[in-house]
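J.: Next one to model:
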Amino acid sequence: PVQYADYAVWQRRVFGGSGSDGVLAGQLDHWAGVLAGLPEELVLPVDRRRGVVASQRGGRVGFRLSEEVHRGLVELAAECGVSVFMVLHAAVVVLLARLGAGTDVPVGTTIAGRGDDVLDEVVGFFVNTLVLRADVSGDPSFRELLARVREVDLAAYAHQDVPFDRLVELVNPARSLARHPLVQVMLSVQDAPEPGHRWPGLHVELEPVTLDEVKFDLTFTFTQQHENGRVPVGIHGEIEYAADLFERGTVERWVGYLVRVLVGVVADPDRPVGRVEVVGRDEWERLVVEWNETGVAYPRDRCVHELFAARVAVAPEATAVVFGGVELSYRELD
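T.: Numbering: from 1, shown residues only. Okay, here's the model as predicted:
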């Protein structure tokens, strides 16, 4: 029977040397093209500046998507010829882009690495990390973005054998102890049923273990739940965040944004992603109306030049005009 050592020998033979093996050369050529010009860091609105060395302290914010939303995601995936993973990937990309990450949005994901049926029952570590680089330029509809994401994800799956550390060597980004190379945001979608163990006289339960350490700025995890193995009954979600960069309240607010995005794209997948509702009505009112209230009551019996003269008299040395490297005080401008 195939053992883990067989897989390790194969991987070392194919990817360990500098030879021109067909698998190695083809997959490295693919990734060299896909990752050319990759942003070194995904820009997000952080609460604190990135330090010199990441402490890896983190936190988690959980949430739940209703049965109705889950069913809508499944139906949208079937309608567009994509997987639920791809729908969730595209939704996370929309969220990141709307938060200010730009139109070139790389997201990492782990893949089981058991591409051959003979590996299904082999005990060993096969997991690898893939870089999924989505393009949001041109303000596409969510349906159009899904088509782009589908192409990107399928190409990544077809070239999944290159170990992640080889990708880092290939791209050779600027190294930093403050951030993960190539990707700073991870996505994980779980849909496998929980393993059931039955032994005579022994009751066994799965006990999740959570750590306080994080490796990435943000990690989005979705766990699909089904009834009778097929009927969608909801999704448990979680955003893991780096405490060096984000406050818990910020991530809690982003959870609301993400849920709003998912509800919106299910309801209208043909709406441009730039018009998908992200901010809630209360926050919109605060940002656009309350914080933008700049009206000032000026005296009606004085002209503009008289108001300016009064300002000159009160603060003649205060800066009045700035242009390039030139500054004029109120006295100079007067």
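J.: biggest helix in this protein by residues?
T.: Criterion DSSP state H: the longest helix present in the chain is helix 248-267.
J.: quick one: buried residues of it?
T.: Neighbour counts over helix 248-267 (16 or more other CB atoms under 10 Å) mark 251, 254-255, 257-266 as buried. No exception for glycine: its C-beta is placed from N, CA and C like everyone else's.
J.: who touches Gly237 in this structure?
T.: Gly62, Phe63, Arg64, Leu65, Phe220, Thr221, Phe222, Thr223, Val255, Leu258 (CB atoms under 8 Å, 6 or more residues apart in numbering).
J.: cool, Gly108 as well?
T.: When contacts are counted by CB under 8 Å, 6+ apart, Gly108 touches Thr129, Leu130, Val131, Leu132, His180, Leu182, Val183, Val185, Met186, Leu187, Phe216.
J.: Does the second one belong to a helix, a strand or coil?
T.: Reducing the assignment to helix, strand or coil with DSSP: H, G, I helix; E, B strand; the rest coil, the entry for Leu130 is strand.
J.: Next one: it from Ser188, what distance?
T.: As judged by CB to CB, to the nearest Å, Leu130 and Ser188 stand 12 Å apart.
J.: list residues touching both of those two?
T.: Residues within reach of Leu130 and of Ser188 at once, by CB under 8 Å, 6+ apart, are Thr109, Thr110.
J.: Who has more neighbours out of those two?
T.: Using other CB atoms under 10 Å as the criterion, Leu130 and Ser188 rank with Leu130 on top: 21 against 16.
J.: The residue lying closest to the more buried one once chain neighbours are set aside: which element?
T.: In space, and not counting its chain neighbours, Leu130 is closest to Ala156: 4.6 Å by CB to CB, 6 or more residues apart in numbering. Using DSSP states H and E, Ala156 sits in helix 142-158.
J.: what ranges do the helices span in this protein?
T.: Taking DSSP H, the helices of the chain run over residues 4-15, 22-34, 67-80, 84-96, 142-158, 164-171, 248-267, 281-284, 304-314, 330-333.
J.: now for the ones you listed, which one comes closest to Pro232?
T.: Among the helices of the chain, the nearest to Pro232 by CB to CB is helix 67-80 (4.1 Å).
J.: so that closest one versus helix 84-96, what angle?
T.: 110 degrees (axes from the mean of the first three to the mean of the last three CA atoms, to 10 degrees).
J.: Format the CA atom coordinates belonging to helix 67-80 as PDB.
T.: Coordinates of the C-alpha atoms in helix 67-80 are reproduced here as PDB (Å, rounded to 0.1, in the frame of the first residue of the first chain):
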ATOM      1  CA  GLU A  67     -30.500  28.800   6.500                       C
ATOM      2  CA  GLU A  68     -32.100  31.200   4.000                       C
ATOM      3  CA  VAL A  69     -28.700  32.900   3.100                       C
ATOM      4  CA  HIS A  70     -27.000  29.500   3.000                       C
ATOM      5  CA  ARG A  71     -29.600  28.200   0.600                       C
ATOM      6  CA  GLY A  72     -29.300  31.300  -1.500                       C
ATOM      7  CA  LEU A  73     -25.500  30.900  -1.800                       C
ATOM      8  CA  VAL A  74     -25.900  27.200  -2.800                       C
ATOM      9  CA  GLU A  75     -28.500  28.200  -5.500                       C
ATOM     10  CA  LEU A  76     -26.300  31.000  -6.800                       C
ATOM     11  CA  ALA A  77     -23.300  28.700  -7.000                       C
ATOM     12  CA  ALA A  78     -25.300  26.200  -9.000                       C
ATOM     13  CA  GLU A  79     -26.800  28.900 -11.300                       C
ATOM     14  CA  CYS A  80     -23.300  30.300 -12.100                       C
END
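J.: Check which helices and strands it sits against.
T.: helix 84-96, helix 142-158, strand 231-242, helix 248-267 (3 or more CB pairs under 8 Å, 6 or more residues apart in numbering; DSSP states H and E).
J.: can you list the ones you listed in JSON lines and add distance to Phe15 and mean pLDDT?
T.: JSON lines is the format used below for the helices and strands packed on helix 67-80 (distance: least, CB to CB, whole Å; pLDDT from 0 to 100):
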{"stretch": "helix 84-96", "distance to Phe15": "25", "mean pLDDT": "98"}
{"stretch": "helix 142-158", "distance to Phe15": "16", "mean pLDDT": "97"}
{"stretch": "strand 231-242", "distance to Phe15": "30", "mean pLDDT": "94"}
{"stretch": "helix 248-267", "distance to Phe15": "36", "mean pLDDT": "96"}
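J.: Take those and write them to a markdown table, including distance to Pro316.
T.: Shown next, in a markdown table, are those (distance: least, CB to CB, whole Å):
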| stretch | distance to Pro316 |
| --- | --- |
| helix 84-96 | 48 |
| helix 142-158 | 56 |
| strand 231-242 | 48 |
| helix 248-267 | 43 |
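J.: Ala25 is nearest to which of these?
T.: Between the helices and strands packed on helix 67-80, helix 142-158 lies closest to Ala25; by CB to CB that is 14.9 Å.
J.: Can I get the closest one as PDB, trimmed to CA atoms?
T.: Extracted C-alpha coordinates of helix 142-158, given in PDB (Å, rounded to 0.1, in the frame of the first residue of the first chain):
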ATOM      1  CA  PHE A 142     -20.900  40.000  -8.800                       C
ATOM      2  CA  ARG A 143     -21.800  37.400 -11.500                       C
ATOM      3  CA  GLU A 144     -18.900  38.700 -13.600                       C
ATOM      4  CA  LEU A 145     -16.600  38.600 -10.600                       C
ATOM      5  CA  LEU A 146     -17.600  35.000 -10.000                       C
ATOM      6  CA  ALA A 147     -16.500  34.000 -13.500                       C
ATOM      7  CA  ARG A 148     -13.100  35.600 -12.900                       C
ATOM      8  CA  VAL A 149     -12.800  33.900  -9.500                       C
ATOM      9  CA  ARG A 150     -13.800  30.600 -11.000                       C
ATOM     10  CA  GLU A 151     -11.000  30.900 -13.600                       C
ATOM     11  CA  VAL A 152      -8.400  31.900 -11.000                       C
ATOM     12  CA  ASP A 153      -9.400  29.100  -8.500                       C
ATOM     13  CA  LEU A 154      -9.500  26.300 -11.100                       C
ATOM     14  CA  ALA A 155      -6.100  27.300 -12.400                       C
ATOM     15  CA  ALA A 156      -4.700  27.300  -8.900                       C
ATOM     16  CA  TYR A 157      -6.200  23.800  -8.200                       C
ATOM     17  CA  ALA A 158      -4.600  22.500 -11.400                       C
END
